[in-house]
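Q: The following comprises the amino acid sequence and a computationally predicted model.
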Amino acid sequence: MLGWLRSRAQRAPQAIDAGLWKRATSSWLFMRGLEASEVESLRALCERFLASKHFSGTHDLEISDAMQVEIAAQACILVLELGESWYEGWSEIIVYPSQFAPQREVEDDAGVVHVTHDPMAGEAWLGGPVILSYEDVAMTGDEALRVAGYNVVIHEFAHKLDMRNGDPNGFPPLHKAMAPSEWKRAFSEAYKDFVSRVEAAEALPEARMQRAFDALPMDPYAAESAGEFFAVASEAFFETPELLAPAYPAVYGQLRLFYRQDPLARLPRAGPENTI
Ligand SMILES: [Zn+2]
């Protein structure tokens, strides 16, 4: 049991039971083709992550040990080669049973303030918690329900990495060996292209629109902003690299340098039954 996980203070990492680990991680697409040593590193990282984060459920949601390990594994795949220090400075993970609709005041272009209640699958706060809908987390792990490339945990934790240097804008702190100009060029060109593809799809008659959306290499939500493009591209990088890399090779290349991982190169090791 991992009951100690519910205590708020920083604790010594405790081993995750082998059976629990297998049950909680075997269905995720990003596990495809990981070497045994990488899986062990991920598990150790999750143990340290779980010792430093505090989970709470809303609406009487009981956060089981399996749920914590599922969320930890998805959060930690992003920092497998970066280390848990990228998630320092905050500790709360709040889990709703399903999508939540916080009341927000939004100012439109004309300066008029509107109150919105848009349903959300997840949210990451600058210096604050990550908030997740467990229904969406579970959907990603369910082969029958999942939408290829959709992963709310990877999405919100990519925002957290982006927030290491302020508001999420699609420009996380890059490693010394990386060229910011190349990152900027790769992402701005791909973003412009993706927005035009989404707009072209939206202009189609309804019967053809869905097919055009389905043909996109990632979730159309990426067209919202440069910050969302980075978070959605990170989902695709880990979940469906076979779709992202051919569509936007320069973005894939920059993400490979940033995450220091190459999920596309792992796929042949995963076997044909594991490709999407
Ligand atoms: Zn987002």
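A: Yep, it's here.

Q: Now for R260, how many residues are close by?
A: The burial count assigned to R260 is 12, neighbours taken as other Cβ atoms under 10 Å. (Glycine included, C-beta is placed from N, CA and C.)

Q: Find me the pLDDT at it, would you?
A: We note a pLDDT of 98 for R260 in this prediction.

Q: ok, the residue nearest to it when sequence neighbours are not counted - contacts?
A: If the residues on either side of it in the chain are set aside, R260 comes closest to E81, at 3.6 Å by Cβ to Cβ, 6 or more residues apart in numbering. Residues near E81 by Cβ atoms under 8 Å, 6 or more residues apart in numbering: Y259, R260, Q261.

Q: Narrow those residues to those in strands?
A: The subset of the contacts of E81 located in strands under the criterion DSSP state E is empty.

Q: Which ones among those residues map onto helices?
A: Cross-referencing the contacts of E81 against helices under DSSP state H gives Y259.

Q: which one among the contacts of E81 gets closest to S27?
A: Q261 (19.7 Å; Cβ to Cβ).

Q: how about the strands in this protein?
A: For the chain, strands defined by DSSP E occupy the ranges 54-57, 92-96, 104-107, 113-116, 122-124, 130-133.

Q: check contacts around the nearest residue to G227 once chain neighbours are set aside.
A: Nearest-residue entry for G227: P168, 3.9 Å, with adjacent residues in sequence omitted and distances by Cβ to Cβ, 6+ apart. P168 makes contact with A124, L126, H159, D162, G227, F230, A231 under the criterion Cβ under 8 Å, 6+ apart.

Q: do that again at 7 Å, thanks
A: When the contact criterion is Cβ atoms under 7 Å, 6 or more residues apart in numbering, the partners of P168 are H159, D162, G227.

Q: where's it relative to H155, distance?
A: Using Cβ to Cβ, to the nearest Å, one gets 11 Å for the distance from P168 to H155.

Q: Just put the contacts of P168 in a markdown table and tack on pLDDT, neighbour count and distance to Q210.
A: Converted to a markdown table, these look like this (pLDDT from 0 to 100; neighbours: other Cβ atoms under 10 Å; distance: Cβ to Cβ, whole Å):
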| residue | pLDDT | neighbour count | distance to Q210 |
| --- | --- | --- | --- |
| H159 | 97 | 24 | 27 |
| D162 | 97 | 23 | 30 |
| G227 | 97 | 18 | 26 |
